[in-house]
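Engineer: Sequence and computational prediction follow.
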Amino acid sequence: MSAEQAVVKEKTIAELASESAESQERTQTPDIEITNVSKSFEVGRSTITVLKNLSLKIYPEEFIIILGPSGSGKSTLLNILLGLEPPTTGSVELKGTNITHMKTDKVAKIRYKVYGIVFQRADWVRSFNVLDNVTLPLAINNISKKIRRQKAAERLKQVGMYDHAQYAPTELSGGQQQKVSLARALINDPPIVVADEPTGNLDSVSAEKVMNTFKELNEVFHKTVIMVTHNIDYVRYASRTIYVRDGAIIEGSDQFKK
Amino acid sequence: MQFSFVVNLSVSHLSGRKLRSILTIGGVSVGIALVVFLVSLGFGLQEMIKSQVTNVEALTILDVSKGESTLLKLNQDIVNQFEQIQDVSNVSPSLSLSGQVSRAESITDVAIYGIEPKFLSMEGIKVTTGQEFSSDNASEILITNTALNLIGLGDPNEAVNSELMLKLLVPVKAEDGTNLDSVSKEVRVTVVGTLSDTSDLSIAYVPIQFLETLGFTPDYSAAKVKVSDTQAEKDFSVARVQVTDQSKLPEVRQQIEAMGYQVDSVADTVGQIDKIFFIFEIIVASFGAIALFVAAMGALNTLTVSLLERTREIGLMRSLGATSKDIYFMFLTESIVIGMIGGLVGIGIGIGVSRIVNMALNYLAQKAGGEPVEIFYAPLVFLAVVQGVVFLVSLVTGLYPSRRAAKINPLDALRYE
């Protein structure tokens, strides 16, 4: 779906969301809480503000879809949630820990414990096979070879890719690569799975399979799922949809569905 | 990150880019092989020359003589005094005489040394054919092939067990102490062994006690030889003092010199040889170091290219929880892996090539009738030092790319195309 189509449907989403009967404020402690976050970039002599005073709470076991056209700031929002870049102003709390101005190496360790990440373009250590690539998060964090291989095998079975364990990742199709990427994201059993346009490079059949896997993760394995996408069709998978445009969440879109 | 994982990662990267890795590691190997080849040639020549000059035992031996002094005595009392000095293990006195050996009509002049048979090795005597003295006072002689040739006994095997006439010329001292004349004494001796002589000298050795039993009259042996009557009057020409350890040599030397004697040591010559070769080895190692420097530049280039190629990989690893230190360590390890493999292969090539060259030289030498030689020598300590230097060079080479890799912003890395 193109960005124009997404914009056309924007109102509908907002309406749907606002019409959702039991809009409610949760009493649980949020997994992620961002408060009054702004993000600006210096480009030459001018300053571009990508996120404008944005606040958001994400609760355990939610399936959040962040929708928005290109350049709306949704990827920047995701990077701030992940601690990959700090906000210009505002604060970010992850499982009760303020990571706003934490050193990158310390955030990296927290990220390992809290997040499993799937990017639009699956990146690999090219000299490693599928199995060794899936073990990467554990290897980086000093888990023994025996345990990491065992867990990698389990995760590959979970996403139906165990038969390809000895392949080079680049030998796989886009859909298969995303599945392996998901197995890698799940290997350390993180409470939150974050996906940035995971179906962006996939055909519709592969994309549907990947989305069903995310749904299963959320509903069966009780993972919090945060997904950035262009595709409004995936709204049906989400427990809450956040529509971002011009660096702000569209009023009324941030409503709980269930 | 676990060390084993980082090494595994580096090795897998290197094996993933085979040609580039072979060229980079090959460059380091060539540099190291050159260093090993040239320096082991230096060590080999040094050892060869030293072995020509002396044996290892000789490095613990001091040659004591009276020098120009006419007042000093070098008799059994003095020998006993030397033996009392701390760290002295043996003292081997010897007498030097002029003499002649004859067989049938052939006769030649020889330098005769009276020695203690038990100290043959201390005197640096190597029997090439036959055996050593059978007893302390046997009428036996060890003689160089040069002397034997001069009396028509060119074949050492034929010479052993043959009998020679030995004529000793002993200087006789007048009562006022001045040498008057030489008195000759002729005895029959059996050749028990022959000696090789690189300097073509006519030399013969006989047991010192055999000289004493010849019964030289005290008149002419009193001052210098004094072989029979009273031990106190026996005056040796040279005494060899052996110390327990080479490091004790200067200390013992100082004490003997303090007694007025002249002390010489093979260690002096060996020290000079060592100094000259040290300079030679430094020069040849410098040539190798230049090659190693060029190889290090190659490795630096490879690492920098690898860094650019793997930028997204760095971003991925950072997003998965790797710290900047992990990334730094990862690249540094790769540099060290390149260096260490290159070093080991280079050492192998260096030793291999030197063996081949040595074999070729020996083949040519044998064809020309020469003796086989070892002109290359690579001590383990030297090889360990080479590998240590390679480690340091690769460490320094890896610093810049590692620092650059560690500084890459994870987000920029993930966006890198």
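Structural biologist: Good, I have the coordinates.
Engineer: Wait, a strand at A:Ile65?
Structural biologist: Yes - according to DSSP: H, G, I helix; E, B strand; the rest coil, A:Ile65 belongs to a strand.
Engineer: Could you look up the SS state of A:Leu156?
Structural biologist: A:Leu156, by the three-state scheme (three-state DSSP), is helix.
Engineer: Now do the contacts for it.
Structural biologist: Applying C-beta atoms under 8 Å, 6 or more residues apart in numbering or on different chains, we find A:Leu156 in contact with A:Val130, A:Leu131, A:Val134, A:Tyr162, A:His164, A:Ala165, A:Val180, A:Ala183. From N, CA and C alone the C-beta is placed, and that goes for glycine too.
Engineer: how far away is the closest residue to it other than its chain neighbours from A:Thr213?
Structural biologist: Of all residues not flanking A:Leu156 in the chain, A:Tyr162 sits nearest, at 4.2 Å (C-beta to C-beta, 6 or more residues apart in numbering or on different chains). Distance, A:Tyr162 to A:Thr213, using C-beta to C-beta, to the nearest Å: 14 Å.
Engineer: Give the residue from these two that has the larger number of neighbours.
Structural biologist: A:Thr213 (19 against 16; other C-beta atoms under 10 Å in any protein chain shown).
Engineer: distance of that one from A:Met161?
Structural biologist: 11 Å.
Engineer: got it, and B:Val263?
Structural biologist: 84 Å.
Engineer: list residues touching both of A:Thr213 and A:Met161?
Structural biologist: A:Lys179.
Engineer: Those residues of chain B touching chain A, which are they?
Structural biologist: B:1-2, B:4-5, B:9, B:12-13, B:15-16, B:312-313, B:315-326, B:410-411, B:414 (C-beta under 8 Å from any C-beta of the partner chain).
Engineer: Got a quick ChimeraX command for the buried subset of these?
Structural biologist: Buried residues among these (16 or more other C-beta atoms under 10 Å in any protein chain shown), as a ChimeraX selection:
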select /B:1,5,9,13,312,313,315,316,317,318,319,320,321,322,323,324,326,410,411,414
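Engineer: if you look at the residues of chain B next to chain A, which of them are in helices?
Structural biologist: B:4-5, B:9, B:12-13, B:15-16, B:312-313, B:315-319, B:324-326, B:410-411, B:414 (DSSP state H).
Engineer: is it true that the residue nearest to A:Leu156 touches A:Ala153?
Structural biologist: Yes - between A:Tyr162 and A:Ala153 there is a contact under C-beta atoms under 8 Å: 6.3 Å.
Engineer: My understanding was that A:Tyr237 contacts A:Val210; is that so?
Structural biologist: No - A:Tyr237 lies out of contact with A:Val210 (C-beta under 8 Å); the separation is 10.7 Å.
Engineer: higher neighbour count, the two?
Structural biologist: A:Val210 (22 against 18).
Engineer: ok, now how distant is that one from A:Ala185?
Structural biologist: Counting by C-beta to C-beta, the gap from A:Val210 to A:Ala185 is 12 Å.
Engineer: Ok, A:Gly68 next?
Structural biologist: Taken as C-beta to C-beta, the span from A:Gly68 to A:Ala185 is 22 Å.
Engineer: same question, B:Val6
Structural biologist: 22 Å.
Engineer: mind listing what A:Ser55 touches?
Structural biologist: A:Ile34, A:Thr35, A:Asn36, A:Val37, A:Gly90.
Engineer: swap the cut-off to 10 Å and go again
Structural biologist: For A:Ser55, the contact set (C-beta atoms under 10 Å, 6 or more residues apart in numbering or on different chains) comprises A:Glu33, A:Ile34, A:Thr35, A:Asn36, A:Val37, A:Gly90, A:Ser91, A:Ile249, A:Asp254.
Engineer: So which of the residues you listed is the closest to A:Val114?
Structural biologist: A:Glu33 (13.2 Å; C-beta to C-beta).
Engineer: The spatially closest residue to that closest one that is not a sequence neighbour: which element?
Structural biologist: Spatial nearest neighbour of A:Glu33, chain neighbours left out: A:Glu93 (4.5 Å); criterion: C-beta to C-beta, 6+ apart. Using DSSP states H and E, A:Glu93 sits in strand A:89-94.
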